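K.L.:
Fold the following and give me the result.
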Amino acid sequence: MNTHTEQQHEFMLLLKPIQRSLEAYCLRLTQDRDEARDLMQDTIVLVWQNFSSIRDHAAFRSFCFTVATNAFRRRFSRRRLFGLMPEDHDEESSDPTPEQRADHMLLHDALQKLPERSREAILLFEIADMSVADIQRIQGGTASGVKVRLMRARRRLQELLGVSPSNTTSLEHSYETN
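P.N.:
Predicted coordinates for the structure are as follows:
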């Protein structure tokens, strides 16, 4: 086996366990299945092109999400300039019930009202199942800054969705310990 083939194999071994969460993250960022596929493809290509520069393979996951976040930001700024924001969003791969569709639309609308960095942090934490330390590596800043961002995003979502703060689940507690 040559080094290129070994490198491909190693890349795929690292990508496979995070692929679903990376796909979900791309979908939540773009809110469009086709855009998410494009973003995912761009991310994988960029990560592959820079794979040899990753010294610590434990950082592969956060590197992938950082690349996806940066690629999305580049796309989003171009879309904003040219007015190409999609209007219809189909978020689920299966056919959701009307109640689920309504819930998804409410959540989507509430997420869009969050500041960009807060929206990214909550999506990375909840959808991509990333730790506070991983989010810190992606977004920069301090761990406590990420925790505050997550807490504020969570509370703002509760306000926007009309959920009582007393119904807070394990989210705040789970990132307080990270």
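K.L.:
so the most centrally placed residue in the chain is in which element?
P.N.:
By Cα atoms, centre = their mean, the chain has its centre lying nearest to Tyr25, at 3.4 Å. Assigning secondary structure by DSSP states H and E places Tyr25 in helix 19-30.
K.L.:
and that helix, which residues are buried?
P.N.:
Of the residues in helix 19-30, Ser21, Leu22, Glu23, Ala24, Tyr25, Cys26, Leu27, Arg28, Leu29, Thr30 count as buried by neighbour count, 16 or more other Cβ atoms under 10 Å. Any C-beta I mention is one placed from the backbone N, CA and C, and that applies to glycine too.
K.L.:
show me the contacts for the second one.
P.N.:
Read it as Leu22. Met40, Thr43, Cys64, Phe65, Ala68, Ala128 (Cβ atoms under 8 Å, 6 or more residues apart in numbering).
K.L.:
among those residues, which are in strands?
P.N.:
Cross-referencing the contacts of Leu22 against strands under DSSP state E gives no overlap.
K.L.:
Reformat the residues you listed as CSV; add neighbour count and pLDDT.
P.N.:
Below are the contacts of Leu22 laid out as CSV (neighbours: other Cβ atoms under 10 Å; pLDDT from 0 to 100):
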residue, neighbour count, pLDDT
Met40, 20, 94
Thr43, 23, 94
Cys64, 25, 93
Phe65, 26, 92
Ala68, 26, 92
Ala128, 25, 78
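K.L.:
Kindly indicate which of those residues lies nearest Thr97.
P.N.:
Ala128 (25.4 Å; Cβ to Cβ).
K.L.:
Contact partners for the closest one?
P.N.:
Contact criterion Cβ under 8 Å, 6+ apart gives Ser21, Leu22, Ala24, Tyr25, Phe65 as the residues in contact with Ala128.
K.L.:
from the contacts of Leu22, which single one is nearest Glu159?
P.N.:
Closest approach between these and Glu159, by Cβ to Cβ: Ala128, at 23.8 Å.
K.L.:
Distance of the closest one relative to Ala102?
P.N.:
Applying Cβ to Cβ, to the nearest Å, one obtains 25 Å for the distance of Ala128 from Ala102.
K.L.:
how about the helices of this structure, start to end?
P.N.:
Secondary structure of the chain (DSSP state H): helices at 3-15, 19-30, 33-49, 60-82, 98-112, 116-126, 132-139, 143-161, 171-176.
K.L.:
mind listing what the residue nearest to the centre of the chain touches?
P.N.:
Listed by Cβ under 8 Å, 6+ apart, the contact partners of Tyr25 are Phe65, Ala68, Leu123, Leu124, Ile127, Ala128.
K.L.:
what do you get for Val146?
P.N.:
Residues in contact with Val146, defined by Cβ under 8 Å, 6+ apart, are Ala121, Val132, Ile135, Gln136, Gln139, Tyr175.
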